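Asks: I'd like to go over a predicted model; first the sequence, then the structure.
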Amino acid sequence: MKKRFCAWALSLLLAVSLFTPVPTAQEGVVLRVGPGGDCATAQQALDSLSADTGALTLLFTADLGEQGTLELPPDKGITTVTLGSDDGGLYTVGAYEVYASGIPLTVDGVKINYLYGGGYNQTVPSTSITVRSGSVRWLLGGGGADVAGGVAQVTGQVSICFENADVTPYSNNDDYLWGGGGTSTAGTDVSVGSVSISISGTTMQREILGGSYVSARDAVGNTGHVDIAISDCTIEGDVYGGGESSGTSATSTSQSTRIAIQNSTFPLYDGAYGGNILGGGFIMNTDGCVDVLGSAVLDIKNSTITAAIGGPLAFSSKTARAGSTSVTLTGCTVRELVCGGSYSGDGVAAVYSGSSAVHIIDGITFPGGGAIYTQGYVEEDGTATVEGASTLTITGSPVTVGELSGPTDLALGAPLTVTGQYIPADPDRPAAVSLLGTG
């Protein structure tokens with residue numbers, strides 16, 4: 001009798017297991033958060049998790065405000081996180097800052113003020129953020145530190161992806177994307193190993209910087225190689241390969257940068273701003289550093305921009321440098337200028353490049369006449385110098401430009417016409433000209 005009972009019980013158990021789903025760690029956990037949901041707050045949802053969560057999806061049912069900090073726990077076995085909407089509404093998640101703690105995170109229909117891919121005063125090995133839809137004011141691929149001397153590094157790669165994303169502006173032209181970390185606390189370190197940013201098929205209002213944001217004394221946010229790829233997009237904003245330093249002795253250097261843009265348009269916002277593509281970072285009001293230690297490369301194809309600038313931008317009598325700069329434009333429309341070197345914004349800001357190269361392929365359209373500065377560009381009374389060669393190469397189709405300044409070498413495979421002023425690098429030494437074969 002016992003044997004028959006055991007056999008019957010086993011058969012029943014097998015039948016139930018075949019027709020009743022059994023949650024596993026691999027399937028993950030889905031929780032509705034907010035009024036009428038499984039948990040009242042996102043923090044309660046995180047607290048309810050076991051140690052083997054797997055893939056976590058939080059679906060928000062209503063606006064939960066923007067107070068405090070939400071930090072994803074690294075000890076709950078979470079493999080991925082999706083923050084989404086339960087009914088298609090665009091809802092806040094109940095936190096001012098969200099830290100992914102290095103767990104791959106997807107934004108899919110929520111509203112977040114500050115989103116960090118890295119840790120909160122802690123170091124993580126890598127980060128990954130994907131945006132499908134929603135609204136994020138400041139998106140930082142790295143971590144954040146707010147205690148003196150705190151460290152929130154990413155030792156490996158930061159990965160950020162927008163692919164055919166339905167993005168809603170959080171605020172009017174105040175949305176930012178940083179590849180690195182961010183800090184406004186003295187002596188902190190939010191450096192990252194490397195950065196990969198991919199944006200395709202997306203319309204957005206956003207300033208894009210490949211490096212970190214450091215705005216406090218002696219803060220550090222250095223980056224290894226930065227790679228930014230933009231295709232088939234419409235973006236209101238500027239793109240910088242490096243980071244920003246606005247704190248005394250704050251450092252946001254990049255080992256090297258590369259920005260590749262194709263089939264994209266950068267319309268002006270407020271009638272005058274946006275569309276500037278710079279290989280380096282941005283520095284002002286500080287004696288800090290945003291240098292690109294190695295090469296800064298721009299490769300822009302079939303796109304409309306305001307300016308292409310090979311290196312960093314310095315304001316307020318500050319100094320910035322790139323090891324070498326390279327700007328390649330293929331079939332582009334440029335509203336204002338092409339600058340092989342770096343950009344001196346005002347005062348006596350000094351910018352340097354070890355060498356610079358500008359290559360224009362298949363023509364370029366300058367609606368307002370335009371200018372090509374192979375050395376660098378000076379807004380007022382600063383200095384923009386290339387210490388080595390500054391080369392301009394024209395191939396494919398003729399180029400007509402209003403002003404040409406600074407080349408040491410001209411390599412011409414197609415006609416070049418300068419309708420206005422031509423300034424050589426050295427008034428006593430004409431540029432070396434070489435004619436390239438067409439076959």
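Replies: Thanks, I have it.

Asks: please count neighbours and contacts with C-alpha atoms only from this point.
Replies: Noted.

Asks: can you pull the contacts of Glu163?
Replies: Val131, Arg132, Ser198, Ile199, Ser200, Gly201, Thr202 (Cα atoms under 8 Å, 6 or more residues apart in numbering).

Asks: drop anything exposed from those residues.
Replies: Among these, those scoring as buried are Val131, Arg132, Ser198, Ile199, Ser200, Gly201, Thr202 (criterion: 16 or more other Cα atoms under 10 Å).

Asks: of those, which belong to strands?
Replies: Val131, Arg132, Ser198, Ile199, Ser200 (DSSP state E).

Asks: can you add distance to Asn276 and pLDDT and give the contacts of Glu163 back as a markdown table?
Replies: A markdown table is the format used below for those (distance: Cα to Cα, whole Å; pLDDT from 0 to 100):
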| residue | distance to Asn276 | pLDDT |
| --- | --- | --- |
| Val131 | 23 | 99 |
| Arg132 | 25 | 98 |
| Ser198 | 18 | 99 |
| Ile199 | 17 | 99 |
| Ser200 | 18 | 99 |
| Gly201 | 20 | 99 |
| Thr202 | 18 | 99 |
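
Asks: biggest separation within the ones in strands among the buried ones among the contacts of Glu163, which pair?
Replies: The distance between the two most remote of these (Cα to Cα) is 12.5 Å, for Arg132 and Ser198.

Asks: could you point out the helix or strand that follows the lowest-mean-pLDDT helix or strand in the chain?
Replies: In the chain, no helix or strand scores lower on mean pLDDT, DSSP states H and E than helix 2-19, which sits at a mean of 35. Downstream of helix 2-19, the next assigned helix or strand under DSSP states H and E is strand 29-33.

Asks: so what touches that following strand?
Replies: 37-42, 45, 53-61, 86.

Asks: packing partners of the helix or strand harbouring Arg321?
Replies: Using DSSP H and E, Arg321 maps to strand 319-339. For strand 319-339, the packing partners by 3 or more Cα pairs under 8 Å, 6 or more residues apart in numbering; DSSP states H and E come out as strand 292-301, strand 304-309, strand 350-353, strand 356-365, strand 371-373.

Asks: just those: most buried one?
Replies: strand 350-353 (a mean of 28; mean count of other Cα atoms under 10 Å).

Asks: strand partners (parallel or antiparallel) of that one?
Replies: strand 319-339 (parallel), strand 383-386 (parallel) (DSSP bridges).

Asks: by mean pLDDT, show me the worst of the ones you listed.
Replies: Across the strands paired with strand 350-353, strand 383-386 has the smallest mean pLDDT, namely a mean of 86.

Asks: ok so Gln44 is a helix residue?
Replies: Yes. Under DSSP: H, G, I helix; E, B strand; the rest coil, Gln44 falls within a helix.

Asks: near it, how many other residues are there?
Replies: By other Cα atoms under 10 Å, the residues close to Gln44 number 12.

Asks: one more: Asp381?
Replies: Count around Asp381 with other Cα under 10 Å applied: 14.

Asks: so which helix or strand takes in it?
Replies: Assigned by DSSP H and E, Asp381 falls outside every helix and strand.

Asks: and it, what pLDDT?
Replies: For Asp381, the predicted pLDDT is 77.

Asks: return the residues in contact with Gly89.
Replies: Contacts of Gly89 by Cα under 8 Å, 6+ apart are Thr61, Ala62, Gly109, Val110.

Asks: and the nearest residue to Asp146 once chain neighbours are set aside, its phi and psi?
Replies: Spatial nearest neighbour of Asp146, chain neighbours left out: Thr185 (5.4 Å); criterion: Cα to Cα, 6 or more residues apart in numbering. With angles defined as degrees, to the nearest 10, Thr185 sits at phi -120, psi 130.

Asks: on that earlier part again, identify the contacts common to Arg132 and Ser198.
Replies: Residues touching both Arg132 and Ser198 comprise Phe162, Glu163, with contact defined as Cα under 8 Å, 6+ apart.

Asks: quick one: low-confidence ranges for the chain?
Replies: Along the chain, segments meeting pLDDT under 70 span 1-27, 317, 346-349, 438-439.

Asks: which among the contacts of strand 29-33 count as buried?
Replies: 39-42, 45, 53-61, 86.

Asks: in these, find the pair that's most separated.
Replies: Gly54 and Thr61 (22.3 Å).

Asks: just to revisit the earlier point, got the strands paired with strand 350-353 as JSON lines, with distance to Val220 and mean neighbour count columns?
Replies: What follows is those, written out as JSON lines (distance: least, Cα to Cα, whole Å; neighbours: other Cα atoms under 10 Å):
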{"stretch": "strand 319-339", "distance to Val220": "16", "mean neighbour count": "25"}
{"stretch": "strand 383-386", "distance to Val220": "26", "mean neighbour count": "26"}
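
Asks: between those, which gets nearest to Thr253?
Replies: strand 319-339 (9.8 Å).

Asks: can you state the direction angle for the closest one and strand 356-365?
Replies: Here strand 319-339 runs at an angle of 30 degrees relative to strand 356-365 (axes from the mean of the first three to the mean of the last three Cα atoms, to 10 degrees).

Asks: off-centre distance for strand 319-339?
Replies: Its chain's average C-alpha position is 18 Å from that of strand 319-339, according to Cα atoms, centre = their mean, to the nearest Å.
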